[in-house]
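K.L.:
Any chance you can model this:
(one chain, ligands or ions: 2)
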Amino acid sequence: MKKFAYVVLTLAVLAGGGFGWLASKKPQAAPPSDIKVEVTEARLERGRYLFEHLADCEGCHSPRDWSKYAGPVIAGQRGSGFEFPAELGLPGKVVSANLTSDPETGLGAWTDGEILRALREGVSKDGRALFNFMPYEHYAHMSDEDAYSLVVYLRTLPPVRRVMPRSELIFPVKYLVNDLPRPLSGPVAPVSKADKVKYGEYLVTIGECKTCHSKLDKGVPVAGREFGGGEEFRFGDLLVRSANITPDNETGIGTWSEDRFVAKFKGFSEMTAENAPPMNQSNFTIMMWLGLSRLEEEDLRAIYAYLRTVPAVRNAVDSHPQPGTY
Ligand code: HEC
Ligand code: HEC
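P.N.:
Ligands and ions are numbered 1, 2, ... in the order given. Reported below is the predicted structural model:
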């Protein structure tokens, strides 16, 4: 579960009379490509890694057991869609799609090109613009190879027959989203692991760390507060604030060594949907510790290297405030 990378409501658009225009505007969309992605074992494994771990597609696209630590995905329903709770404060009813291979209620009848277009360009099979809470603007940076790997993996998701309602955004967001999709301008090359910081930045982009770990204004990180934490996430009576993961020595992770950073994630690698402890206010989190703890160590080290390069933000965060104080 992640939060609002949604539309900036620019008054300029409204004031400039652009609004009526947006209401009738069709999203910028290129026709889906007619590519047929070749299936290989390596792509299947890479796709699984992205879906279950790094990009946590499953976290947004599956029903989860929120009584247990970090909300493990409910067995047998992986990828079958989810309606986000109203208290998250999204602009309307936001429903993630059923991505399983079911031909009627999932992606079974979609072409590879249609899936690729939705993933990185934000346009659904029927041509409608997707709400950018689905982070397609970030996935636009996803390499072709990674995107193909996801297609290969999605085809293997066991079909779950489950009709998900359509998202219903409030006015004016429902029109403003029409202006968000952008066709890719060309092939997207992979980022070389040899440049540890750049590769780490790629992982952080696909992992959507910034959206959760920055103070947001209408879904967009407030300038100068990137990775400084403090954004609040409510779930029923529970509340968590994201941590400050900038290199600030006192309020961030400035004093953490690379090994400590890796150990924090790996500390959850034995936790499973079965043995996860119960979740309550003192340990409530939406950080995907189960999925991210399975990242390759090399990837965690690259993420750390990139996070050392972001500007330090001074912001002390109490992630788990006492009940009654919020
Ligand atoms: C932050 C939550 C979130 C994450 C992470 C996320 N999605 Fe989505 N996704 C959504 C939502 C919400 C929608 C529906 C948007 C709408 O209705 O406008 C969606 C829509 C889609 C669609 C279009 C389905 C349709 O019927 O139009 C595809 C395909 C998709 N997501 C694939 C993925 C993949 C693959 C990943 C991981 C790389 C992923 N998503 C990660 C929230 C998310
Ligand atoms: C869905 C929202 C969300 C996303 C996405 C997310 N985090 Fe977090 N993260 C949190 C929250 C909330 C906390 C505080 C509670 C906790 O520790 O579980 C946290 C805690 C952490 C901590 C612990 C910091 C400390 O001081 O103990 C680290 C490190 C971290 N996140 C790194 C990352 C990285 C790296 C990524 C991207 C790969 C990421 N997070 C993505 C929500 C998120």
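K.L.:
what's the nearest residue to Pro32 once chain neighbours are set aside in contact with, if anything?
P.N.:
What sits nearest to Pro32 in space, not counting adjacent residues and going by Cβ to Cβ, 6 or more residues apart in numbering, is Gly113, at 3.5 Å. From N, CA and C alone the C-beta is placed, and that goes for glycine too. Going by Cβ atoms under 8 Å, 6 or more residues apart in numbering, Gly113 touches Pro32, Ser33, Asp34, Ile35.
K.L.:
helix or strand for Gly113, which one?
P.N.:
helix 112-121 (DSSP states H and E).
K.L.:
pull the CA atoms of that helix into PDB?
P.N.:
Written as PDB, here are the backbone C-alpha positions of helix 112-121 (Å, rounded to 0.1, in the frame of the first residue of the first chain):
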ATOM      1  CA  ASP A 112       1.400  -7.800 -24.100                       C
ATOM      2  CA  GLY A 113       1.500  -4.300 -25.700                       C
ATOM      3  CA  GLU A 114      -1.600  -3.300 -23.700                       C
ATOM      4  CA  ILE A 115      -0.100  -4.300 -20.400                       C
ATOM      5  CA  LEU A 116       3.100  -2.500 -21.200                       C
ATOM      6  CA  ARG A 117       1.300   0.700 -22.100                       C
ATOM      7  CA  ALA A 118      -0.800   0.600 -18.900                       C
ATOM      8  CA  LEU A 119       2.300   0.000 -16.800                       C
ATOM      9  CA  ARG A 120       4.600   2.800 -18.200                       C
ATOM     10  CA  GLU A 121       2.300   5.100 -20.100                       C
END
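K.L.:
Now, of the contacts of Gly113, which are buried?
P.N.:
Using 16 or more other Cβ atoms under 10 Å as the burial test, the contacts of Gly113 include Pro32 as buried.
K.L.:
What's the local residue count around Ala86?
P.N.:
11 (other Cβ atoms under 10 Å).
K.L.:
Kindly spell out which helices and strands sit in contact with the host helix or strand of Ala305.
P.N.:
In the assignment (DSSP H and E), Ala305 maps to helix 297-307. Contact partners of helix 297-307 among helices and strands, from 3 or more Cβ pairs under 8 Å, 6 or more residues apart in numbering; DSSP states H and E: helix 196-206, helix 258-266.
K.L.:
any chance of the ones you listed in a markdown table, plus mean neighbour count, distance to Val163 and mean pLDDT?
P.N.:
Listed next are those as a markdown table, based on neighbours: other Cβ atoms under 10 Å; distance: least, Cβ to Cβ, whole Å; pLDDT from 0 to 100:
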| stretch | mean neighbour count | distance to Val163 | mean pLDDT |
| --- | --- | --- | --- |
| helix 196-206 | 19 | 29 | 98 |
| helix 258-266 | 15 | 36 | 98 |
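K.L.:
Output those helices as JSON lines; include the columns distance to ligand 1.
P.N.:
Output for the helices and strands packed on helix 297-307, formatted as JSON lines (distance: least, Cβ to the nearest ligand atom, whole Å):
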{"stretch": "helix 196-206", "distance to ligand 1": "7"}
{"stretch": "helix 258-266", "distance to ligand 1": "18"}
